[in-house]
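Student: just a sequence and a predicted model for now, questions to come.
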Amino acid sequence: MASIRLRNGSWVADIRRKGHKSISKSFPTKGKAQVWAREVEAQMDALEFKDARGLTGITVKELINRYKKEIGEIAPFRRSKTLSLDTWIKTHGELTVAELTADCLIDWVTQRAKTVSGSTIAVELAYLGVVLRTAKELWRLPVDNTITTTARGSLKYLGISAKSKHRERRPTQKEIDDICLYFTTKRRQKVPMEDLILFAIATAMRLGEILRLQWDDINPTDKTIIIRNRKHPTEKEGNDQEVPLLGAAYDIAMRQPKTNDRIFPITEGTVSSLFPRACNALDIKDLRFHDLRHEGVSRFFEQKYSIEQVALLSGHRDWKMLARYTQVKAKDLHRS
């Protein structure tokens, strides 16, 4: 409860609350002091009170690093989140949290849109928003966690779409053969890129999933393997799934040297560097390693697997997301 006192002809309202710095303000009448005190206390109770004095010495970099340390140790971040947070540190890390305003972020959106898609911007704002919400609700810092929502709302007015564009790019068989040959003819090439490429198509797994596969998770009798911590919209840990290794996938896995717990002891960065290098050398346009997953899912449908079977293989939770892989053509509906 605020204290109201008369001092030198003015009414002073003093508010002292745990988690907040003490705050005082003078008014010409007692009634106005009481109204102000009730409003501020209500904002504090609703975690909506913003006192910039508590943020003057805290930088965005310090806030994000604290989030990484305290929250990241409990629930490890995926690569995309880590990269996004590092980007915020690089671009806004030296600002104090009080200086990080909605106008500041809208200016950033305008510049960022020149180099990345709107969906990337939306994701980066979402990750920053999580940091600000944590600071407000867990650490009780008087941050304004609405600024990311305001900045995201500016996207439509700036003509920037936050929806990701579905890629329909599938490699031709010649492109696949040429890329594999490119790597097999490299004498100093130690990374089994050909096997990685063929395995990615045969399993339709994401690159991160492939690189996490372990020998202990293979069932030689059933020719299955467990994908640990498979991507899930809400569950980040413990989302394991057993899938079959169809076609050549099992043989590709088994011929890898057992020098590590992992079947493919390689980093994502290495693959992400080598694959586009090969495409550039071969003048193959607009092809990404992730497109091999698209190719694999499309082949499953072409092999007449049902949508629920393909969903098990690909890990899609929403079957509607698989519709774009079927690529049904009007001429294919004629029955012989």
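Tutor: Nice, I can see it.

Student: C-alpha only now, for contacts and for neighbours.
Tutor: Noted.

Student: next SSE after the lengthiest helix in the chain?
Tutor: Looking across the chain with DSSP state H, the single longest helix is helix 118-137. Using DSSP states H and E, the helix or strand that follows helix 118-137 in sequence is helix 147-157.

Student: and the next helix-or-strand element following that following helix, how far out from the chain middle?
Tutor: As assigned by DSSP H and E, the chain's next helix or strand after helix 147-157 is helix 173-184. The chain centre lies 31 Å from the centre of helix 173-184; the measure is CA atoms, centre = their mean, to the nearest Å.

Student: which other helices and strands contact whichever helix or strand comes after helix 173-184?
Tutor: Remark: after helix 173-184, the chain's next helix or strand is helix 193-203, criterion DSSP H and E. Packing partners of helix 193-203 (3 or more CA pairs under 8 Å, 6 or more residues apart in numbering; DSSP states H and E): helix 173-184, helix 249-254, helix 291-302.

Student: with distance to Leu155, mean pLDDT and mean neighbour count as new columns, can the ones you listed be given to me in CSV?
Tutor: CSV is the format used below for those (distance: least, CA to CA, whole Å; pLDDT from 0 to 100; neighbours: other CA atoms under 10 Å):
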stretch, distance to Leu155, mean pLDDT, mean neighbour count
helix 173-184, 37, 95, 15
helix 249-254, 43, 96, 16
helix 291-302, 28, 89, 21
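
Student: would you mark the buried spots in the longest helix of the chain?
Tutor: By neighbour count on 16 or more other CA atoms under 10 Å, the buried set for helix 118-137 is 118-129, 131-136.

Student: one more: stretch 141-150?
Tutor: Neighbour-count burial for stretch 141-150 [16+ other CA under 10 Å]: Leu141, Pro142, Val143, Asp144, Asn145, Ile147, Thr148.

Student: and the least confident of those residues?
Tutor: In terms of pLDDT, Pro142 ranks lowest among those, with 78.

Student: ok, that one touching Leu132?
Tutor: No: taking CA atoms under 8 Å as the definition, Pro142 is not a contact partner of Leu132, at 9.7 Å.

Student: just to check, Ile23 is in contact with Asp14?
Tutor: Yes: Ile23 lies in contact with Asp14 (CA under 8 Å); the separation is 6.0 Å.

Student: may I see the helices and strands packed on helix 193-203 arranged in CSV, with distance to Arg78 as well?
Tutor: What follows is those, written out as CSV (distance: least, CA to CA, whole Å):
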stretch, distance to Arg78
helix 173-184, 29
helix 249-254, 25
helix 291-302, 19
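
Student: of all those helices, which one comes closest to Ile106?
Tutor: Nearest of those to Ile106, taken as CA to CA: helix 291-302 at 32.4 Å.

Student: what's the distance between His92 and Thr59?
Tutor: 9 Å (CA to CA, to the nearest Å).

Student: ah, wrong one, I meant Gly296
Tutor: On the measure of CA to CA, Gly296 and Thr59 end up 45 Å apart.

Student: which strands or helices does the longest helix of the chain pack on?
Tutor: Short answer (3+ CA pairs under 8 Å, 6+ apart): helix 118-137 packs on helix 60-70, helix 79-92, helix 147-157.

Student: list the buried residues of the second one.
Tutor: If I follow you right, that is helix 79-92. Lys81, Ser84, Leu85, Asp86, Trp88, Ile89, His92.

Student: now the angle from that helix to helix 60-70?
Tutor: Angle, helix 79-92 to helix 60-70, by axes from the mean of the first three to the mean of the last three CA atoms, to 10 degrees: 160 degrees.

Student: so what's the gap between helix 79-92 and the chain middle?
Tutor: That offset, for helix 79-92, works out to 10 Å (CA atoms, centre = their mean).

Student: got the angle for that helix vs helix 118-137?
Tutor: With the same axes, to 10 degrees applied, the angle from helix 79-92 to helix 118-137 works out at 80 degrees.

Student: return the list of helices and strands in contact with helix 79-92.
Tutor: So helix 79-92, by 3+ CA pairs under 8 Å, 6+ apart, packs with helix 60-70, helix 118-137.
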